[in-house]
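[1] Build me a structure from this.
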Amino acid sequence: MARATVPDDPRFPDDRKGSLAAAVLDDARGGGRGDDGARIGLFLGTGLSSLTPAELAIDLYPHARAAGFDRDAMARDLARDRASPRRHQPERVTEVLGAQIGAIVRETSFSACSAAAQSILQGARAVARGDVDVAYVGGHDSMLHPIGYLSFVVLGALSPTVGRPFDRHRDGFLIGEGAAVLRLQREGDLRAGDAVLGWIVGGGTSVDAYNVTHPHPEGLGAGLAMARALRDASLEPGDIDYVNAHGTGTPVGDEAECLAVHRVLGDAPVSSFKGAVGHTIAAAGAVELALCLGIFGSGFLPGTPGLEEVDPNLPARILRDPTPGRVRHLLSNSFGFGGQNCALVVAAPDV
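    Have a look, this model is predicted:
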């Protein structure tokens, strides 16, 4: 990945998330080659604020006590500091980077762990409608700071050992950080020498709003997003050769997703990347879709890193190890807190 210079703009957040976004966008554009005269859109998903060391020293550490953490005192101090809530407005990265590359459309998704996938779908639809000629789509996030860790510890979502999606002894996920940006355009606008990695042929979203943090136990919202993605792609369940699961490794989340996959897609093979890359939170849909593009033409379906013993109570066809096979169409899931769900269907370059 190329290293990019962070924009010299006081609105641009001085944090890891912003730096990651700047780097991958620069890499995706290849210096802007091929964008001359094109109407550009920038669609990025992102998550909760990351924090700088200075902000930790001001906002967090003074409220640490020997017996715990004084949340009320921190809330009072932040309420007095009217600038605090505005330090990391989620749309600022998209706005500043979009202005830098001349994007006429700049949209930010802020929908928890489905944010990047929803941004990809928004960008794909903008290209299909003709709103833009080129869409840069993806996501960026980093929760590798005390507030990030504390949030998931309080929720009981982190594994104290290792991430192992779909394992009978799974106990949560490991936090990752990352970013990925993809370049989208219509087939008719391709130029000689352009490399096609895949085609986004469908997508579906839903909000089941079952619980603030837990999915519906039967995966109703997840299943609805997948069914809508299939319909949007004009495909049947049997056309899906592989499912990249959200697969976080939490007991409740994996079970709900497997129930939904089995109900909507039957015996489609399923695996998760999160045992290898961690959970990159709002960036997960982009990071994992980028990994999925490497499956086409590889001759195999990926296994699930970290998985040792498949939970026998999960109904889906889960792949522990890499398995020979050809993938023409894959479906990638991203599910966020609050029941914010997104599924993307991608076709191989030669389909």
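[2] can you give me the end-to-end distance of stretch 7-24?
    Criterion CA to CA, to the nearest Å; first-to-last residue distance in stretch 7-24 is 14 Å.
[3] again, but for stretch 307-314
    13 Å.
[4] Show me what counts as buried in it.
    Within stretch 307-314, the residues that count as buried by 16 or more other CB atoms under 10 Å are L307, V310, D311, L314. C-beta here means a position set from N, CA and C on the backbone, and glycine is covered the same way.
[5] Would you map the helices across the stretch 101-250 of the chain?
    115-129, 146-155, 220-233 (DSSP state H, counting those that start in this stretch).
[6] same question for the shortest one, mean pLDDT?
    Per-residue pLDDT values across helix 146-155 average out to 82.
[7] Give me the distance from it to the chain's centre.
    19 Å (CA atoms, centre = their mean, to the nearest Å).
[8] can you check the first one too?
    Offset of helix 115-129 from its chain centre (CA atoms, centre = their mean): 13 Å.
[9] Quick check: buried residues in it?
    For helix 115-129, the neighbour count (16+ other CB under 10 Å) marks 115-127 as buried.
[10] V105: neighbour count?
    Neighbours of V105 under the rule other CB atoms under 10 Å: 16.
[11] ok, now A22?
    Neighbours of A22 under the rule other CB under 10 Å: 23.
[12] didn't it look like it was pressed against I101?
    No: contact status for A22 versus I101: not in contact, 10.7 Å apart, counting by CB atoms under 8 Å.
[13] Strands of the stretch 251-351 of the chain, residue ranges please.
    269-271, 300-301, 317-318, 323-324, 329-336, 340-347 (DSSP state E, counting those that start in this stretch).
[14] likewise the stretch 51-200 of the chain?
    64-65, 68-69, 103-109, 134-142, 177-185, 199-207.
[15] weakest of the ones you listed by average pLDDT?
    strand 68-69 (a mean of 80).
[16] which residues are contacting it?
    Here strand 68-69 makes contact (CB atoms under 8 Å, 6 or more residues apart in numbering) with H63, L150.
[17] and if you look at stretch 179-188?
    17, 20-21, 23-25, 27-29, 38, 44, 116, 120, 123-124, 127-128, 133-141, 197, 199-200, 283, 286-287, 289-290.
[18] Would you mind listing which of these are buried?
    Buried among the contacts of stretch 179-188 (16+ other CB under 10 Å): 17, 20-21, 23-25, 27-29, 44, 116, 120, 123-124, 127, 133-141, 197, 199-200, 283, 286-287, 289-290.
[19] what about D194, how many residues close to it?
    Residues lying near D194 (other CB under 10 Å) number 11.
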